[in-house]
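Participant: The sequence and its predicted three-dimensional model are supplied below.
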Amino acid sequence: MRNTEQQFISALSLLYEPAEAKELARICLMQVLQCNFTYLLSHSPLTLTDEQKLKVDAFLQRLVSGEPVQYIEGTAAFSGLSFSVQPGVLIPRPETAELVDWVVDDFSEAEQPAILDIGTGSGCIAVSVAHRLPRAKVSAVDVSPTALEVASGNAKANGVEVQFSLVDILSARPSGTFSAIVSNPPYICECEKATMHKNVLAFEPELALFVPDADPLLFYRRIAQVALQCLAQGGHLYFEINERFGKETCNMLLELGFTDVQLRADFFGKDRMVKATRP
C-alpha cells in the first residue's frame, strides 16, 4: 500500500496535503479492491493485478483534474447515512448535518410534524430528517430535475418516504402548511470564487452555490416570505447561512416579522445556522 500512497501524495501535492492524499489513496484502493480498511492493513504490501492498476491510475487522474472524490465514488456520507451524488448535485457538507440535528432536536417529541426542505439537492436534509423523525411527514422541493431524481433515489435507498416536487422557489411556492421549513440555499457571493477550491468551482453546480454580490440574501428573503404563507402559527424556519451575513440575515427575518430569531455557530465556530419563528 505504501507505494500507492506515495504515488498519490506526489501526484496530488498541488491540491491536497500529504495526509489528505494518503486518505484518498486508501479510499481508492478500497473501491478498486471492494474491501475495507482492515483488509488493506492486513494485506500490506498489496499486489495489484494489471486491471486493478489501471483502475487506480484512472481514479488518480480524475483526482488530479480536481474532481471531488465523492463524485468519483458516487457516494457521500451524511448524518450517518449514505447518499448517491453526481455532478449537478451539491455534495453534502458535515456542517449541514448540524442543521439537521437542530430540526430533529426540536421535533423529536412532536406527534406528526410536517417538514419542508427547500432546495433539497441530493435530498440529504429531507432524507435524514425523515429517517430520524419517522413520524414526520417530510416534503422537499428543488428547481433541478436532476437533483430531484437523485434525491428520490436516495430516499428509496435509505428506506424513507419524502414527497418531492419541482418548484422554482423564486417564482412559485409549495402548497401546504408546515410545522417547519428548512433550507440550505445558494449563499456564496460571486466575489468569493477567488478563494474557493478548484474541485468546487469546476465540478459542483453553480446553481446550488452562488448568489449575486449585490443581493446575497436573495434566496433567504424569498424563502422567508414564502414561510410566512406556508408555516403554521408558531412554526419554525431554519437556514444554513453564509457566515459573513449572520447579522444581516437575522435583521431581515426580524423586519419581516419573525420572532425568537437565533443565530448558531457550527463546530468550526462559524456563524452557520439561523432559526426563526412565525408569529
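Facilitator: Sure thing, it's come through.

Participant: For residue 36, report the pLDDT, please.
Facilitator: If you check residue 36, the pLDDT there is 88.

Participant: how far is stretch 255-269 from where the chain is centred?
Facilitator: 19 Å (C-alpha atoms, centre = their mean, to the nearest Å).

Participant: Which parts of the stretch 1-150 of the chain are strands?
Facilitator: Using DSSP state E, counting those that start in this stretch, the strands of the stretch 1-150 of the chain run over 75-78, 81-84, 114-118, 137-142.

Participant: Name the strands paired with the second one and say parallel or antiparallel.
Facilitator: Spelled out, that is strand 81-84. Strand 81-84 sits in its sheet next to strand 75-78 (antiparallel), going by DSSP bridges.

Participant: can you check the longest one too?
Facilitator: Sheet neighbours of strand 137-142, with direction, are listed as strand 114-118 (parallel), strand 162-166 (parallel) (DSSP bridges).

Participant: Touching, residue 3 and residue 45? I think so.
Facilitator: Yes. Residue 3 is within contact range of residue 45, at 7.2 Å (criterion: C-beta atoms under 8 Å). For glycine as for every other residue, the C-beta is placed from the backbone atoms N, C-alpha and C.

Participant: give me phi/psi at the most centrally placed residue in the chain?
Facilitator: Centroid check for the chain by C-alpha atoms, centre = their mean gives residue 92 as the closest residue, at 2.4 Å. Residue 92 adopts backbone torsions of phi -60, psi 140, taken as degrees, to the nearest 10.

Participant: Test my guess that it contacts residue 124.
Facilitator: Yes. Here residue 92 reaches residue 124: they are 4.0 Å apart, a contact under C-beta under 8 Å.

Participant: what's the closest of the strands of the stretch 1-150 of the chain to residue 101?
Facilitator: strand 75-78 (11.9 Å; C-beta to C-beta).

Participant: which parts of that closest one are buried?
Facilitator: 75-76, 78 (16 or more other C-beta atoms under 10 Å).
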